[in-house]
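Participant: Build me a model from this:
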Amino acid sequence: MLYRLAAVTLASTLLVSCGDESPFSDFTTSTTTTTTSGGGGGASDGGTATGTGTGGGSATVSSIVRKTQIPLIIPDGMGGTVSAFFESFDMGNSDESISYILGDLTNTEHVFRPDASGPVELYSRPSPEIIVTTTAGNGNKILSHTGVRDVIDYSNGNTQAIGVALGENVDTISDAGDIVAFTSNANLTFANPSGVNQLFTLSTDGADTYNQITTFTVNHAIETVVLSGDGRRIFFSSDDDVLLDGGNADGSYEVFSINSDGTGLARLSDLNSGRVKITRSSSDGSILALEIMDLNGIVGKWLQAFNTATEALSEIATTLPGGDIDYDMSADGSRAAYLRAGAIAGTSVIYVVNTDGSLTTDVLTESGTIRDLHLNTDGSQISFYSNVVFDTPIGADEQSIQVYTMTLL
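Facilitator: Numbers count the residues shown, from 1 in each chain. Below is the predicted model of the structure:
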């Protein structure tokens, strides 16, 4: 297999040969055409796409294409090789911005991206400093957070540290990759002498240019901070009376927003429910993807699309078990997808839902591993990782887990 190593501080690329070559271009244009049926697919037969729609329509699978060559062995940085294991993958608003994290036996984690000439290593850190990455919508920047905050150039691996002196945990980045948003009680701009929680934005150019967005005088709980893709609005959830007007005196979790210039602080919801997690904003901030759960998070979760202009909720799914939910929304806010256990034991089902509530369709049922759904801009494609061989057979030097993109009609 051929590797391309993108230096962290150099735009040049070093080619490293390691074992048999398996050109990425052999399968980047191949497809698996599927037909709708009512049953589940097997891992060895390419899978079964289903199209059982309710609520006004259906969606069918046009193709499933393998997008990666995730290797079993990677360069160790000292002229040798080391065994690697898959951890996670991420992408922006297109499968042209896929990246994935591999760990190795030297307790180092690596960020790779696929390329026609083989996997390209963009970044590495000793474990467990890389835990999560978030990719800008246009795919040009990858934000590494939890531990070290670095912004990685997707094309060449050039890396810029941000917030070096502060240790802030940030995990939301604009589509352009130019700013991040986060909460802190530090006096970052000398406008927070009381040390209460405030919302900030930070540029990603390394200048550490902070902008304090809020001027709270009370130490409010600020949770699940999400920046709209265009960078104009910041959304967060809280169980406090953030506006100090008695409007949330019951202490329920609600959705709040503020413009990135510090104007327009508002409570958007009146949910009167348990904890609320904002998982995604559309690029223009018009639609939010929400997880609404009981206070203890055990009984169930409800997936909702929330219209920030009308404050209307559209049900995506109900009574999902507690714990993490594999769920994403398209950048234009039109479509969501989620994963849940199928009626047949051991199967998983991908559902596609229009965020206005007009369509629910189970598009794929499989007995193998399927995880980590990511939608493209308009929801016509869903990318995920799986050990099911949907496309070109897995090579002897490749992981059983690979990333696939499913195109819908």
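Participant: can you pull the contacts of L271?
Facilitator: S252, Y253, E254, V255, I292 (CB atoms under 8 Å, 6 or more residues apart in numbering). Where C-beta positions appear, they are placed from N, C-alpha and C, glycine not excepted.
Participant: nearest to I64, of those?
Facilitator: Of all the contacts of L271, I64 sits closest to I292, with 31.5 Å by CB to CB.
Participant: pLDDT score assigned to the closest one?
Facilitator: As predicted, I292 sits at a pLDDT of 89.
Participant: That one: helix or strand, and which one exactly?
Facilitator: strand 287-293 (DSSP states H and E).
Participant: Residues in contact with that strand: which ones?
Facilitator: Contacts of strand 287-293 (CB under 8 Å, 6+ apart): 226, 235, 255, 271, 273-282, 299-308, 313, 316, 322, 325, 327-329, 333-334, 336, 355.
Participant: Swap in 7 Å and give it another go.
Facilitator: 235, 255, 271, 273-281, 300-308, 322, 325, 327, 329, 333, 336, 355 (CB atoms under 7 Å, 6 or more residues apart in numbering).
Participant: can I get the contacts of L271 in JSON lines with secondary structure, neighbour count and distance to S94?
Facilitator: Shown next, in JSON lines, are those (DSSP: H, G, I helix; E, B strand; the rest coil; neighbours: other CB atoms under 10 Å; distance: CB to CB, whole Å):
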{"residue": "S252", "secondary structure": "coil", "neighbour count": "17", "distance to S94": "37"}
{"residue": "Y253", "secondary structure": "strand", "neighbour count": "23", "distance to S94": "33"}
{"residue": "E254", "secondary structure": "strand", "neighbour count": "23", "distance to S94": "33"}
{"residue": "V255", "secondary structure": "strand", "neighbour count": "23", "distance to S94": "28"}
{"residue": "I292", "secondary structure": "strand", "neighbour count": "21", "distance to S94": "29"}
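Participant: Is it possible to get CSV of those that adds distance to N107?
Facilitator: Compiled in CSV, the contacts of L271 are given as follows (distance: CB to CB, whole Å):
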residue, distance to N107
S252, 43
Y253, 38
E254, 42
V255, 40
I292, 38
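Participant: Excluding residues flanking it in the chain, which one is nearest S238?
Facilitator: Distances taken as CB to CB, 6 or more residues apart in numbering place A221 nearest to S238, at 5.2 Å, with adjacent residues excluded.
Participant: For that neighbour, give its distance to R149.
Facilitator: A221 is 23 Å from R149, where distance means CB to CB, to the nearest Å.
Participant: Counting neighbours around each, name which of the two comes out higher.
Facilitator: R149 (23 against 14; other CB atoms under 10 Å).
Participant: Might one say that the more buried one is in contact with I162?
Facilitator: Yes. Contact criterion CB atoms under 7 Å: R149 and I162 qualify, at 5.1 Å.
Participant: picking that back up, which among the contacts of strand 287-293 end up buried?
Facilitator: 235, 255, 271, 273-281, 301-308, 325, 327, 329, 333, 336, 355 (16 or more other CB atoms under 10 Å).
Participant: Just the ones of the residues you listed in strands?
Facilitator: 235, 255, 276-281, 301-307, 327, 329, 336 (DSSP state E).
Participant: Tell me the helix or strand right after the helix or strand containing S383.
Facilitator: Using DSSP H and E, S383 sits in strand 381-386. For strand 381-386, the succeeding helix or strand toward the C-terminus, using DSSP H and E, is strand 402-408.
Participant: Name every strand pairing with that next one and say which way it goes.
Facilitator: strand 61-66 (antiparallel), strand 381-386 (antiparallel) (DSSP bridges).
Participant: pull the CA atoms of the last one into PDB?
Facilitator: The C-alpha coordinates for strand 381-386 follow below in PDB (Å, rounded to 0.1, in the frame of the first residue of the first chain):
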ATOM      1  CA  GLN A 381     -25.700  11.200   0.500                       C
ATOM      2  CA  ILE A 382     -25.000   9.500   3.900                       C
ATOM      3  CA  SER A 383     -21.500   8.600   4.800                       C
ATOM      4  CA  PHE A 384     -20.700   6.000   7.500                       C
ATOM      5  CA  TYR A 385     -18.100   3.500   8.600                       C
ATOM      6  CA  SER A 386     -18.800  -0.200   8.400                       C
END
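Participant: from the chain's centre, how far out does that strand sit?
Facilitator: 12 Å (CA atoms, centre = their mean, to the nearest Å).
Participant: What residues does N387 make contact with?
Facilitator: G368, T369, S400, I401.
Participant: For the third one, grab the count of nearby residues.
Facilitator: Applying other CB under 10 Å, we find 15 residues neighbouring S400.
Participant: gap between G251 and D284?
Facilitator: 31 Å.
Participant: pLDDT weak spots in the stretch 301-409 of the chain?
Facilitator: Scanning the stretch 301-409 of the chain for pLDDT under 70 picks out 322-323.
Participant: any idea how far the closest residue to A191 other than its chain neighbours is from D104?
Facilitator: Leaving out its chain neighbours, the residue that sits closest to A191 by CB to CB, 6+ apart is Q212, at 5.0 Å. Computed as CB to CB, the Q212 to D104 distance reads 40 Å.
Participant: Give me the secondary structure label for D208.
Facilitator: coil (DSSP: H, G, I helix; E, B strand; the rest coil).
Participant: Contacts only, for it.
Facilitator: With CB under 7 Å, 6+ apart, D208 has these contacts: I162, G163, L202.
Participant: Inside strands: which ones of those residues?
Facilitator: L202.
Participant: possible to save the contacts of D208 as CSV with pLDDT, distance to G177 and neighbour count?
Facilitator: Shown next, in CSV, are those (pLDDT from 0 to 100; distance: CB to CB, whole Å; neighbours: other CB atoms under 10 Å):
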residue, pLDDT, distance to G177, neighbour count
I162, 90, 11, 23
G163, 82, 15, 22
L202, 93, 12, 23
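Participant: D115: which of the contacts of D208 is nearest?
Facilitator: Scanning the contacts of D208 for proximity to D115, where the rule is CB to CB, the winner is I162, at 25.9 Å.
Participant: Please give me every residue in contact with the closest residue to P321 other than its chain neighbours.
Facilitator: Using CB to CB, 6+ apart and skipping residues adjacent in sequence, the residue nearest P321 is G300, 6.7 Å away. G300 makes contact with M293, D294, T319, L320, P321, G322, according to CB under 7 Å, 6+ apart.
Participant: And E96, its phi and psi?
Facilitator: For E96, the backbone dihedrals (degrees, to the nearest 10) come out as phi -80, psi 0.
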